[in-house]
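Asks: Pasting the sequence and the predicted model now:
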Amino acid sequence: MAASALAGLLPGRLGAEQEKPRIEALRADARGPDVFVAFRLAGVLNPELAGKIESGLETVVRYDIRLYRHNAHWLWDDHMDTRKYRVAVTYDPVTREYVTIETMDGKPLQRLTTHNFSEVTRRLLSRENLLVFRIRPNDWRTNLYVQMRAAFDSGYLFTIIPMDSRTSWTESNRFEVKVAR
């Protein structure tokens, strides 16, 4: 009984019609030894999250990205590499600007300052041509794919305990990397 009461307090559980967060349109492309991804995170932006961004609280989405080589004759695939992509957004009410900071494995990638809320949400929830992996010439280069999931702040339990939500893992298309020897 206490568990069902607690579940009723969790954010995102109030409306049964609320869209479940998921990564859509995950696509991986190889250009030479470089692997680029494109994706869109759906079901995350709601009035509560928009209010959090506009109030000046830092809002972060963390993406876990894994590169695999598919083994047709084994039960498991070869895990080749992992990356952590992070997008953080804050709003400065004095200058009335949004600041978006992107990092890959803790290293700065890009910083953007804008007045446009739709640009901020686009950068927070989607990306095109994100360079995530570089394949070494001696690695196998066929039948590769990328898996990705997102973790984000979904609200607070009892207004003081932060809650994180995660999407399920999503798999990209298979691709081949062609590296000149």
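Replies: Cool, got the structure. Numbers count the residues shown, from 1 in each chain.

Asks: Please, which helix or strand holds the residue nearest to the spatial centre of the chain?
Replies: The structure's the chain has its C-alpha centroid closest to residue 63; by CA atoms, centre = their mean the separation is 3.3 Å. Using DSSP states H and E, residue 63 sits within strand 59-69.

Asks: ok, that strand: who's next to it in the sheet?
Replies: strand 78-92 (antiparallel), strand 144-157 (antiparallel) (DSSP bridges).

Asks: Please spell out which residues along the shortest one are buried.
Replies: Spelled out, it's strand 144-157. 144-155 (16 or more other CB atoms under 10 Å). C-beta coordinates here come from the backbone N, C-alpha and C atoms, glycine included.

Asks: Can you tell me which of those residues comes closest to residue 95?
Replies: residue 153 (23.5 Å; CB to CB).

Asks: How about the backbone phi and psi for the closest residue to residue 72 other than its chain neighbours?
Replies: The shortest distance from residue 72 to any non-neighbouring residue, by CB to CB, 6 or more residues apart in numbering, is to residue 143 (7.5 Å). For residue 143, the backbone dihedrals (degrees, to the nearest 10) come out as phi 60, psi 50.

Asks: ok, now residue 120?
Replies: Dihedral angles for residue 120 - degrees, to the nearest 10 - are phi -60, psi -50.

Asks: Strands of the chain, residue ranges please.
Replies: Taking DSSP state E as the test, the strands found in the chain are 22-31, 34-42, 59-69, 78-92, 97-104, 107-114, 126-134, 144-157, 161-166, 170-171.

Asks: What strands flank the fifth one, and is each parallel or antiparallel?
Replies: Strands that pair with strand 97-104, judged by DSSP bridges, come out as strand 78-92 (antiparallel), strand 107-114 (antiparallel).

Asks: Burial-wise, tell me which of those strands comes out on top.
Replies: Comparing the strands paired with strand 97-104 by mean neighbour count (mean count of other CB atoms under 10 Å), strand 78-92 ranks first with a mean of 16.

Asks: ok, back up a step: on the pLDDT front, check the residue nearest to residue 72 for me.
Replies: Predicted confidence (pLDDT) for residue 143: 87.

Asks: That one contacts residue 69, doesn't it?
Replies: Yes. Counting by CB atoms under 8 Å, residue 143 does reach residue 69; the two are 6.1 Å apart.

Asks: about what we covered before: go through the buried residues of strand 144-157 and say which is closest to residue 57.
Replies: Nearest member of the buried residues of strand 144-157 to residue 57, counting by CB to CB, is residue 153, at 8.7 Å.
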